[in-house]
Structure formats: structure tokens, C-alpha cells
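S.K.: could you work out the structure for the sequence below:
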Amino acid sequence: MLDLIFYLLAVIALAASIAVIMVRDIFRAALCLIMLFMSVAGFFLLLHADFLAIVQVLIYVGAISILIIVAIMLTRDARHGLPLDNYKYWAGAVGLLLLIALAYGILNTTFTLPGTAPLEQTIQPIGQQLFGNGYVLPVEIAAVLLLSAILGAIAVLRDK
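M.R.: Got it, this is the predicted structure:
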């Protein structure tokens, strides 16, 4: 059953990643990117990395993707996209170099897999490390800083 879920997630991830590149409408490409991020979160769940799956959904799907969609909606002429004629060959060369680097890294790495999945949860030890060892104040300061940045952005946009 887990193999079937893995293959289904792999097909979704491949289709979404190809759609991000091939779709001409930039808004639909952003929606395909959200689907790709969700499939990566599914991979993390299959690996019993529940904390990483939650972070993937909260940060990438919830924050980064929404930021990209808002930026697309605030930009003029977003439906037309950028002319690709000038950068087509450069983008192909960079993509080929990245493919070669990834293939080299994958083929020359020895992956070791544990025999069994972890039995304990990963969220509770991370939470105890963050909040039990004196890191409560930095986390609270980061929350206040993010809140003030959001309020500042609202104040700047409100004047326009």
C-alpha cells in the first residue's frame, strides 16, 4: 500500500513540476507549484518525518505560495508572462548543468536506509528542544517581529 502511495505521489510531483515549467499562464503555474509542494509534504509523511511535512505545508504552501500568488496578482500584465526568446538558450544551458550536477550527486552518493521506520514522534522532541531549553524568548521575539512586519506592510499599502 505504501508503495502505491509513493508511486502516486511521484507521478503527481513529476506532473506538477513539468506543468510549472510548461504552463504559459503564470497563475496556473503557481497553482501547480502548490500541488508540487503538497506532494513533497506527502513524501515527508511517508518517511515518518511529520515535523518536516507540517513545516512544508505551513511555510511553502501556506506562506511562499500565497506570497507568489499575491505578487502575480499585483503585477500588471501577469497573463502575458515574460518573453522567453531572449533567455531560452541560457535557461536551457543552466537547466542542463543542474541536471548533470544532480545526476552526478545521486550516482556518487551511497544512501543507507534504516531497517525500520522510527517508532517515536519527531515533533515532541523538537518542541521540547525549542521551548524547554530557553529558546522561548527568541521564538516570541521572532513572532513579534513578523507581526510588526505584517502590520507595517498593511500600513504602507493602506496609504495607496
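S.K.: which residues sit against the helix or strand containing Ala41?
M.R.: Element membership of Ala41, judged by DSSP states H and E, is helix 26-46. By CB atoms under 8 Å, 6 or more residues apart in numbering, the residues outside helix 26-46 that reach it are 2, 5-6, 9, 12-13, 16-17, 19-21, 23, 50, 52-53, 56-57, 60-61, 64-65, 68-69, 72-73, 78-79, 81. C-beta coordinates here come from the backbone N, C-alpha and C atoms, glycine included.
S.K.: if you set the cut-off to 6 Å instead, what comes out?
M.R.: Residues outside helix 26-46 that contact it (CB atoms under 6 Å, 6 or more residues apart in numbering) are 6, 9, 12-13, 16-17, 19-20, 23, 52-53, 56-57, 60-61, 65, 68-69, 72, 78, 81.
S.K.: retrieve the pLDDT associated with Val40.
M.R.: For Val40, the pLDDT comes out at 94.
S.K.: Ile12 now?
M.R.: 96.
S.K.: please apply the same query to Pro83.
M.R.: Reported pLDDT for Pro83: 60.
S.K.: same thing with Leu146?
M.R.: Leu146 carries a pLDDT value of 88.
S.K.: any idea which element it lies in?
M.R.: Leu146 belongs to helix 136-159, assigned by DSSP H and E.
S.K.: which strands and helices sit next to that helix?
M.R.: Packed against helix 136-159 by the contact rule (3 or more CB pairs under 6 Å, 6 or more residues apart in numbering; DSSP states H and E) you find no helix or strand.
S.K.: can I get that helix in PDB, CA atoms only?
M.R.: Provided in PDB are the C-alpha atoms of helix 136-159 (Å, rounded to 0.1, in the frame of the first residue of the first chain):
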ATOM      1  CA  VAL A 136      11.100  30.600  24.200                       C
ATOM      2  CA  LEU A 137      12.200  34.300  24.200                       C
ATOM      3  CA  PRO A 138      13.800  34.100  20.700                       C
ATOM      4  CA  VAL A 139      10.700  32.400  19.300                       C
ATOM      5  CA  GLU A 140       8.500  35.100  20.800                       C
ATOM      6  CA  ILE A 141      10.700  37.900  19.500                       C
ATOM      7  CA  ALA A 142      10.500  36.400  16.000                       C
ATOM      8  CA  ALA A 143       6.700  36.200  16.300                       C
ATOM      9  CA  VAL A 144       6.500  39.900  17.400                       C
ATOM     10  CA  LEU A 145       8.900  40.800  14.600                       C
ATOM     11  CA  LEU A 146       6.800  39.100  12.000                       C
ATOM     12  CA  LEU A 147       3.700  40.600  13.300                       C
ATOM     13  CA  SER A 148       5.200  44.100  13.200                       C
ATOM     14  CA  ALA A 149       6.300  43.500   9.600                       C
ATOM     15  CA  ILE A 150       2.800  42.400   8.600                       C
ATOM     16  CA  LEU A 151       1.300  45.500  10.300                       C
ATOM     17  CA  GLY A 152       3.900  47.700   8.600                       C
ATOM     18  CA  ALA A 153       3.100  46.200   5.200                       C
ATOM     19  CA  ILE A 154      -0.600  46.800   5.800                       C
ATOM     20  CA  ALA A 155       0.100  50.400   6.800                       C
ATOM     21  CA  VAL A 156       2.200  51.100   3.700                       C
ATOM     22  CA  LEU A 157      -0.400  49.500   1.400                       C
ATOM     23  CA  ARG A 158      -3.300  51.300   3.100                       C
ATOM     24  CA  ASP A 159      -1.900  54.700   2.200                       C
END
